[in-house]
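Trainee: let's see this in three dimensions:
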Amino acid sequence: MNPGDRVRIVQADTAYTGCRGTVVEASGPAEGDQLPLGYYVAIDGENGVARPFLTSALQRISAVTARPRLASDQELHQS
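Mentor: Alright, predicted model coming up:
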C-alpha cells in the first residue's frame, strides 16, 4: 500500500471495524523486499488523526464507476 490509498478496517472486534480511511504512511521502514508491518491510517470523520494498523487489518478499496441505466434495465427492476 502507498500513502493516499483508501482502505477499510477489517480487523474483528475493534471500535474501527468497518471504518474507512486513507493510508498516511508506513509504520516502519521497508527493508529489502519486505513490506512494512503496518500503516498509519487517517480514519474518515476523525479530523486527520492517524492511527496504526497492522497490514492484515486493512483491505484496500477503490472507487467504482457506475454505468448509466438503460430504459430496459429500469423496467426490469420495477417489476
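
Trainee: contacts only, for V7.
Mentor: By C-beta atoms under 8 Å, 6 or more residues apart in numbering, the contact list for V7 reads M1, R20, G21, T22, V23, Y39, V41, L58, Q59, R60, I61. Placement of C-beta: from N, CA and C, glycine included.

Trainee: sorry, wrong one. I was asking about Y16.
Mentor: I9, I43, R51, F53.

Trainee: mind pulling the model confidence for the nearest residue to the first one once chain neighbours are set aside?
Mentor: Nearest in space to I9, with sequence neighbours left out and distances taken as C-beta to C-beta, 6 or more residues apart in numbering, is Y16 at 4.4 Å. Per-residue confidence at Y16 stands at 91 (pLDDT).

Trainee: re the thing from before, need the contacts of Y16 in JSON lines (columns: pLDDT).
Mentor: Shown next, in JSON lines, are those (pLDDT from 0 to 100):
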{"residue": "I9", "pLDDT": "94"}
{"residue": "I43", "pLDDT": "93"}
{"residue": "R51", "pLDDT": "91"}
{"residue": "F53", "pLDDT": "91"}
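
Trainee: now list the buried members of those.
Mentor: Neighbour-count burial (16 or more other C-beta atoms under 10 Å) is assigned, among these, to I9, I43, F53.

Trainee: dump these to JSON lines, plus secondary structure and distance to R67.
Mentor: Compiled in JSON lines, these are given as follows (DSSP: H, G, I helix; E, B strand; the rest coil; distance: C-beta to C-beta, whole Å):
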{"residue": "I9", "secondary structure": "strand", "distance to R67": "29"}
{"residue": "I43", "secondary structure": "strand", "distance to R67": "31"}
{"residue": "F53", "secondary structure": "strand", "distance to R67": "33"}
